[in-house]
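> Need the 3D shape of this:
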Amino acid sequence: MPRLFRFGLSAGWDRTTRKHVFQLCHPLLVPGGHVCIVVGDFREKSKYHMLHADLANSLEQRGFSLKGITILYQRHKRIFPYGYPYAYVPNLHHQYILILRKDG
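Below is the predicted model:
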């Protein structure tokens, strides 16, 4: 039976928290079992964080194999001219679905 866990991005959702959460998920999966994680990159002031890449790399070091990435387009989000006319700041209107398999 699939299980669904939902975590929001908050001040406490740092690398240590992610490491702990996915260490807890690993024993719940049978060898060869899959986990799908919906995650979005984000911007913090002028720095862009590729959370999907950080998370995939981290999980590959903890006994998961990345099997695929699907882009989840969120067309309901409005597009704004951020930074205009001084700088180009792209809108973020998609998330990634990371598909990983437990090794073993």
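> I'd like to know how many residues surround Leu100.
Residues contacting Leu100 under the criterion other CB atoms under 10 Å number 25. Placement of C-beta: from N, CA and C, glycine included.
> and stretch 90-104, how far out from the chain's middle?
Averaging C-alpha positions (CA atoms, centre = their mean, to the nearest Å) puts stretch 90-104 5 Å from its chain's average.
> Return the set of buried residues in that stretch.
By 16 or more other CB atoms under 10 Å, the buried positions in stretch 90-104 come out as 95-96, 98-102.
> pLDDT (mean, whole number) over it?
Averaged across stretch 90-104, pLDDT comes to 88.
> How about residues contacting it?
26, 29-43, 52, 55-56, 59-60, 63-75, 77, 79-80, 82 (CB atoms under 8 Å, 6 or more residues apart in numbering).
> Quick one: end-to-end distance for that stretch.
Length of stretch 90-104, first residue to last, CA to CA, to the nearest Å: 40 Å.
> The residue lying farthest from the centre of the chain sits in which helix or strand?
No residue in the chain sits farther from the centre than Pro85, which is 31.0 Å out by CA atoms, centre = their mean. Using DSSP states H and E, Pro85 is not contained in any helix or strand.
> May I have the phi/psi pair for it?
Main-chain dihedrals, Pro85, degrees, to the nearest 10: phi -100, psi 10.
> Give me the pLDDT for it.
80.
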